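A.B. asks: predicted model and sequence follow; I will ask about them next.
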Amino acid sequence: MDTRFLAMTDWLRNDLQLKVARIVPASADASFRRYFRILVDGAPFIVMDAPPDKEDCAPFIRIAQALHEMGLNVPRIEHANLEAGFLLLSDLGEDSYLSVLNGDTVDQLYRDAIDALLQMQQQGRTSSFVLPVYDRPMFIAEMELFCHWLLGQHLELSINGSDQLMLTQTFDLLVDNAVSQPRVWVHRDYHSRNLMARENNPGILDFQDAVFGPMSYDLVSLLRDCYIEWPVARQQQWCDYYCDGAEARGLLKADERHQFKRWFDLMGVQRHLKAAGIFARLYHRDGKDGYLADIPRTLTYVCWLAADYPELRGLVGLIEQRVLSSLPTYGIITRK
């Protein structure tokens, strides 16, 4: 028996006195949260079920309010029961970016997403809401997920001393790159599964882990998405669009623009190592195997950079020779 579902329906119908006509699963994400779409007097709403012993709803509420005040399209908090871990939210619809992206729609959708990202970064500079700092220990801990969960738990690889030294030096390089960038509000999961195609585009979800950190992080999440791939030439066009907007808003200095490509590329390596480790952890710890097929794409983004960044060749060699070749879904994505 799903005791949390029963408690949730009791909260809706008895505590809130809502006449709920329908309750259907809306989605589940990579955490312990799950979502239901309900119909009340003909209007759709979303219920978040976040077990309080595993998830804290308070950051979601606080950051949602801050983003709303910035003029961004995020869910409204209609009702909250923090003790039980239930939130009633406005519904941003069923059309994620991932479900509607194609060659014809992607340019406008991504420009809309970049505009919203720049708005968050600009407005965040004057926001009174203080986010946790995305610092060196956090970056290192995220990359260690790659070592522990993908290399160790999933592939059972033994790492010798020279490989460990290479990984340590590479992680330091990637963290140095991250902390050298201008700091802004960072969503941390700004990608096609968390952006919704709306009239006021985009609807933004899953922002509760936002931090104050490197300006290129969310753009990497968007353009080098773990779930969908676009040609490098188009990625560069969108990067240029972002940099134009960032300069116009005073987020990026003119003399910093030549550094942005390196910031962006190396930030992507850090994020993709983290993501690959999380995908393996979701399988081994949480029993969710749906993300394993995304690991090859995620790590192939790293392999693309070997020619431009000699300092990454050790990491790329490890990934190509011992990781991708060991995965059943192995297949190098062509860099177009």
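C.D. replies: Right, received. Where do you want to start?
A.B. asks: in the stretch 1-150 of the chain, where is pLDDT below threshold?
C.D. replies: Within the stretch 1-150 of the chain, the set of residues satisfying pLDDT under 70 comprises 1, 28-31.
A.B. asks: mind redoing it with 50?
C.D. replies: For the stretch 1-150 of the chain, not a single residue meets the criterion pLDDT under 50.
A.B. asks: tell me where it has strands.
C.D. replies: Along the stretch 1-150 of the chain, the stretches classed as strands by DSSP state E, counting those that start in this stretch are 20-28, 34-40, 43-49, 77-81, 86-90.
A.B. asks: just checking the distance from the longest helix seen in the chain to the centre of its chain.
C.D. replies: Of all the segments assigned as helix in the chain under DSSP state H, the longest by residue count is helix 257-284. Put simply, helix 257-284 sits 10 Å off its chain's centre (Cα atoms, centre = their mean, to the nearest Å).
A.B. asks: from the contact counts, what lies against that helix?
C.D. replies: Counting contacts by 3 or more Cβ pairs under 8 Å, 6 or more residues apart in numbering; DSSP states H and E, helix 257-284 is packed against helix 136-145, helix 161-179, helix 217-223, helix 232-248, helix 295-303. In short, each C-beta sits where N, CA and C put it, glycine included.
A.B. asks: looking at it, residue 155 is touching residue 326, isn't it?
C.D. replies: Yes: with contact defined as Cβ atoms under 8 Å, residue 155 counts as touching residue 326 (5.2 Å).
A.B. asks: residue 125: neighbouring residues, count only.
C.D. replies: The local packing count at residue 125 equals 13, with neighbours defined by other Cβ atoms under 10 Å.
A.B. asks: whoops, I mixed them up, residue 34
C.D. replies: Residue 34 sits with 18 neighbouring residues when counted by other Cβ under 10 Å.
A.B. asks: state the distance from it to residue 301.
C.D. replies: Using Cβ to Cβ, to the nearest Å, one obtains 29 Å as the distance from residue 34 to residue 301.
A.B. asks: repeat for residue 295
C.D. replies: In this structure, residue 295 and residue 301 are 11 Å apart, going by Cβ to Cβ.
A.B. asks: so which of these two has more stuff around it?
C.D. replies: For residue 295 versus residue 301, the count of surrounding residues by other Cβ under 10 Å is larger for residue 295: 25 against 22.
A.B. asks: give me the pLDDT for the more buried one.
C.D. replies: The per-residue pLDDT reported for residue 295 equals 96.
A.B. asks: isn't it right next to residue 319, touching?
C.D. replies: No: at 10.2 Å, residue 295 does not count as touching residue 319 under the criterion of Cβ under 8 Å.
A.B. asks: rewinding a little: give the buried residues for the longest helix of the chain.
C.D. replies: 260, 263-283 (16 or more other Cβ atoms under 10 Å).
A.B. asks: what does stretch 21-35 give?
C.D. replies: By neighbour count, and taking 16+ other Cβ under 10 Å as the criterion, the buried residues in stretch 21-35 are 23, 26, 30, 33, 34, 35.
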